[in-house]
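Asks: Give the three-dimensional model of this entry:
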Amino acid sequence: MTGLPCWPKMPVMKTPPGTLRRLALAVALLGIALPVLPQATPAYSVEIVVFRNGGDTGALEAGAARPVITGDDVIPVAAPSTKLGGAAAGLNRSGLRVLGQASWRQEPTTWNSRRGVSTARLGIPGVTGKVIFERGRFLHLGIDLVVEDGGRRYRIEEVRQVKTDEIQYFDHPAVGVIAVVTGG
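Replies: Numbering: from 1, shown residues only. Got it, this is the predicted structure:
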């Protein structure tokens, strides 16, 4: 004998036949019976301010066909402006004219899908097009907008890598867009 204590043998309890099957069925029924949980709010907020700086440089040709902008099928979730709330007033004070402002929540679409939120859904009058928000290895924000003002049309189109909470300025000789992505 090595001096180890001798433990009494415990009886092995056997599961009654069919118990595991009944337990699995009960779990499955419980999963079906639970109410559907509400969908979580998207993690990112996107805010934009579209403005006119007064110049006419960069206008589209008078007889040019209207640019075709496709893939504006992302449905935004309305959100209050948190970062650019005072930007519109500041632009107006500096002599620039704000054409529209919008703020919404969404998840980024897949990289290079060029899917976006239409300005019609955002309620920006006189501006058509879309704002894209994509994720590849990094986050990307893009605008493809046609601004109609004073009988002229201007197109501003650009996609760039962005960081959250970093204000972006999309530049054009006659119009501009200030944007910020928050959250994540």
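Asks: So in terms of bridging, what pairs with the residue nearest to the spatial centre of the chain?
Replies: Nearest to the mean C-alpha position of the chain, by CA atoms, centre = their mean, lies Gln106 at 3.0 Å. Legend: beta-bridge partners of Gln106 under DSSP bridges are Tyr44.
Asks: Likewise for Thr110?
Replies: Beta bridges link Thr110 to Arg135, judged by DSSP bridges.
Asks: my read: it touches His140, true?
Replies: No - between Thr110 and His140 there is no contact under CB atoms under 8 Å: 10.8 Å. The way it works is simple: take the backbone N, C-alpha and C, and place the C-beta from them, glycine included.
Asks: Now do the helices in this structure.
Replies: Under the criterion DSSP state H, the chain contains helices at 19-33, 87-93, 119-122.
Asks: Can you read off the pLDDT for Arg152?
Replies: With respect to pLDDT, Arg152 has a value of 90.
Asks: excluding its backbone neighbours, what's nearest it?
Replies: Nearest non-adjacent residue to Arg152, counting by CB to CB, 6 or more residues apart in numbering: Ala59, 4.3 Å away.
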